[in-house]
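> no sequence for this one, just the structure:
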């Protein structure tokens with residue numbers, strides 16, 4: 001692992017200095033190598049599937065692990081799509097001049113070596129490697145043991161593409177062992193050779209990384225997202241947004257877990273919203289006012305307000321206006337994504353200003369919490385921390401910056 005870190009650090013300088021054309025050529029060569037190696041990648045995946053089935057993994061887990069020709073083509077196409085993104089390195093973020101004539105520029109630079117620890121989704125190997133490369137970084141990838149063969153075959157194809165483009169193959173490497181100690185080595189920073197860690201997976205994985213990592217982490221622990229239906233909300237708009245925010249895909253981090261309804265519109269809005277959710281097959285857990293709407297509503301406990309269900313379940317509460325809604329979100333939310341539905345622009349502006357979440361929306365579904373929907377092209381994850389990257393982490397967020405200063409002989413008095 002220490003050697004892997006040292007080699008990645010050397011490779012990082014090579015890709016940091018690579019031109020946009022050279023990085024894009026590498027990405028296209030990677031996609032071509034994935035297609036050319038389809039038979040060997042699918043063979044490796046068949047071995048992973050057989051092992052997972054023998055261990056009694058769930059059908060949902062098996063489906064996430066499974067590759068076929070269509071899914072493999074989608075992986076290759078996703079790598080090519082990263083090449084089409086604007087190059088984030090070298091962007092001038094700000095320019096200003098001091099009274100002494102110094103001209104200062106803030107310029108985007110790569111982060112360095114990024115460690116990505118993810119569970120058994122083979123496609124993340126290609127997605128993460130491609131995004132890190134586009135931003136001029138080297139990547140050390142650690143997959144779950146169940147997808148080890150599949151991920152290794154994909155990573156080897158990507159290393160081949162790097163070499164074909166004249167870039168160091170060590171710029172994208174999969175940790176070559178299933179040993180759990182490898183994760184601990186990454187969390188320790190690989191002797192200073194790892195600059196950032198991005199965990200992609202469930203709460204237990206993210207929690208361990210956030211607790212033990214000795215390098216910065218881009219991640220979110222939970223997506224406890226809210227929709228607040230304000231007293232000035234249009235009912236039909238609120239119904240459309242709430243249904244989509246909860247039920248479009250219940251297992252994604254941008255799925256709404258709690259619905260807050262303003263007491264000032266509860267007489268007209270609460271029952272239609274609750275009945276709509278129940279009829280859509282969503283279990284509703286609510287406070288006393290919500291329970292009074294329909295006998296199918298079960299009581300919400302204190303724990304429900306803090307729960308990321310990732311399922312067709314929602315907690316619903318009647319709140320006393322905007323202040324109460326913001327206070328609830330601050331108390332129980334995870335600073336991920338929260339939305340207000342209202343025709344009152346002043347209320348919307350207060351919500352957008354005061355709710356301290358990575359993504360806040362007005363009259364839109366929380367399911368827009370996605371890098372692709374932001375126009376980023378792709379993302380490596382969602383971050384809810386307050387430092388550097390926040391929200392969808394795409395190629396721009398995988399850069400840092402430095403200052404370039406141009407003088408004409410100035411000295412400091």
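Structure received. None of the values given here were measured: they were computed from a predicted structure.

> Flag the shaky bits of the stretch 151-300 of the chain, pLDDT-wise.
Residue ranges of the stretch 151-300 of the chain with pLDDT under 70: none are present.

> For it, which segments count as strands?
Per DSSP state E, counting those that start in this stretch, the stretch 151-300 of the chain carries strands over the ranges 172-174, 196-200, 225-229, 256-262, 283-286, 298-299.

> most tightly surrounded among the ones you listed?
Compared across the strands of the stretch 151-300 of the chain, strand 225-229 shows the largest average neighbour count, a mean of 28 (mean count of other Cβ atoms under 10 Å). Every residue, glycine included, has its C-beta placed from N, CA and C.

> Counting by contacts, list what that one packs against.
Applying 3 or more Cβ pairs under 8 Å, 6 or more residues apart in numbering; DSSP states H and E, one finds that strand 225-229 contacts helix 235-247, strand 256-262, helix 321-332, strand 337-341.

> let's see it at 10 Å
helix 235-247, strand 256-262, helix 266-279, strand 313-319, helix 321-332, strand 337-341, strand 359-362 (3 or more Cβ pairs under 10 Å, 6 or more residues apart in numbering; DSSP states H and E).

> Determine which stretch of the ones you listed is the most buried.
By mean count of other Cβ under 10 Å, the helices and strands packed on strand 225-229 have strand 337-341 as the most buried, with a mean of 30.

> before we move on, back to that, could you point out which of the strands of the stretch 151-300 of the chain sits nearest residue 305?
Closest approach to residue 305 among those is made by strand 256-262 (6.3 Å; Cβ to Cβ).

> Format the strands of the stretch 151-300 of the chain as a markdown table; extra columns: distance to residue 117.
Compiled in a markdown table, the strands of the stretch 151-300 of the chain are given as follows (distance: least, Cβ to Cβ, whole Å):
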| stretch | distance to residue 117 |
| --- | --- |
| strand 172-174 | 11 |
| strand 196-200 | 5 |
| strand 225-229 | 24 |
| strand 256-262 | 25 |
| strand 283-286 | 33 |
| strand 298-299 | 37 |
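
> Which parts of the stretch 101-250 of the chain are helices?
122-134, 148-164, 181-187, 203-212, 235-247 (DSSP state H, counting those that start in this stretch).

> what does the shortest one rub up against?
Which is helix 181-187. With Cβ atoms under 10 Å, 6 or more residues apart in numbering as the test, helix 181-187 has contacts from 1-2, 4-5, 115-117, 140, 142, 175-177, 179, 191, 194, 197, 199, 205, 208-215, 217.

> Go again with 8 Å.
If you take Cβ atoms under 8 Å, 6 or more residues apart in numbering as the criterion, helix 181-187 is touched by 1-2, 115, 117, 140, 142, 175, 194, 197, 208-209, 212-215.

> Over to the fourth one?
Applying Cβ under 8 Å, 6+ apart, the set of residues contacting helix 203-212 from outside is 117, 119, 183-184, 187, 197, 199, 217, 219-222, 308.

> can you give me the mean pLDDT across stretch 394-413?
Averaged across stretch 394-413, pLDDT comes to 95.

> now do stretch 374-383
Per-residue scores along stretch 374-383 average to 82.

> Now do that stretch: distance to the chain's middle.
For stretch 374-383, the separation from the chain centroid amounts to 6 Å (computed by Cα atoms, centre = their mean, to the nearest Å).

> go on, stretch 154-163?
So, by Cα atoms, centre = their mean, the centroid of stretch 154-163 is 24 Å from its chain's centroid.

> Which positions within that stretch qualify as buried?
154, 155, 156, 157, 158, 159, 160, 161, 162 (16 or more other Cβ atoms under 10 Å).

> Against residue 299, how distant is residue 286?
Look at residue 286 and residue 299: by Cβ to Cβ, to the nearest Å, they are 7 Å apart.

> and the two most separated of the contacts of helix 181-187?
2 and 208, at 21.0 Å, using Cβ to Cβ across the contacts of helix 181-187.

> So which of the two has more stuff around it?
residue 208 (16 against 10; other Cβ atoms under 10 Å).

> Could you measure from that one over to residue 219?
Distance, residue 208 to residue 219, by Cβ to Cβ: 11 Å.

> Going by neighbour count, which of the contacts of helix 203-212 are buried?
117, 119, 183, 187, 197, 199, 217, 219, 220, 221, 222, 308.

> Run a quick neighbour tally on residue 46.
14.

> quick one: secondary structure of it?
Classification of residue 46 using DSSP: H, G, I helix; E, B strand; the rest coil returns helix.

> Look at it and report its pLDDT.
For residue 46, the pLDDT comes out at 97.

> Which residues are in contact with residue 382?
Residue 382 touches 220, 223, 253, 254, 336, 358, 369, 391, 392, 393, counting by Cβ under 8 Å, 6+ apart.

> typo on my end, residue 263
By Cβ under 8 Å, 6+ apart, the contact list for residue 263 reads 289, 318, 319, 320, 321.

> let's see 10 Å
For residue 263, the contact set (Cβ under 10 Å, 6+ apart) comprises 231, 270, 289, 318, 319, 320, 321, 324.

> now the residues you listed in CSV, with distance to residue 108?
Below are the contacts of residue 263 laid out as CSV (distance: Cβ to Cβ, whole Å):
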residue, distance to residue 108
231, 43
270, 48
289, 50
318, 46
319, 41
320, 45
321, 42
324, 41
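
> What is the neighbour count of residue 312?
So residue 312, with other Cβ under 10 Å, has 15 neighbours.

> Roughly how far does it sit from residue 276?
From residue 312 over to residue 276 the distance is 13 Å, taken as Cβ to Cβ.

> joint contacts of the two?
Residues touching both residue 312 and residue 276 (Cβ under 10 Å, 6+ apart): 246, 247, 282.

> And these, which is closest to residue 89?
Proximity of the shared contacts of residue 312 and residue 276 to residue 89 was ranked by Cβ to Cβ; the top entry is residue 246 with 39.0 Å.

> ok, the nearest residue to that closest one once chain neighbours are set aside to residue 358 distance?
Spatial nearest neighbour of residue 246, chain neighbours left out: residue 256 (4.9 Å); criterion: Cβ to Cβ, 6 or more residues apart in numbering. Between residue 256 and residue 358 the computed distance is 15 Å (Cβ to Cβ).

> what does residue 350 give?
Counting by Cβ to Cβ - residue 350 and residue 358 are separated by 18 Å.
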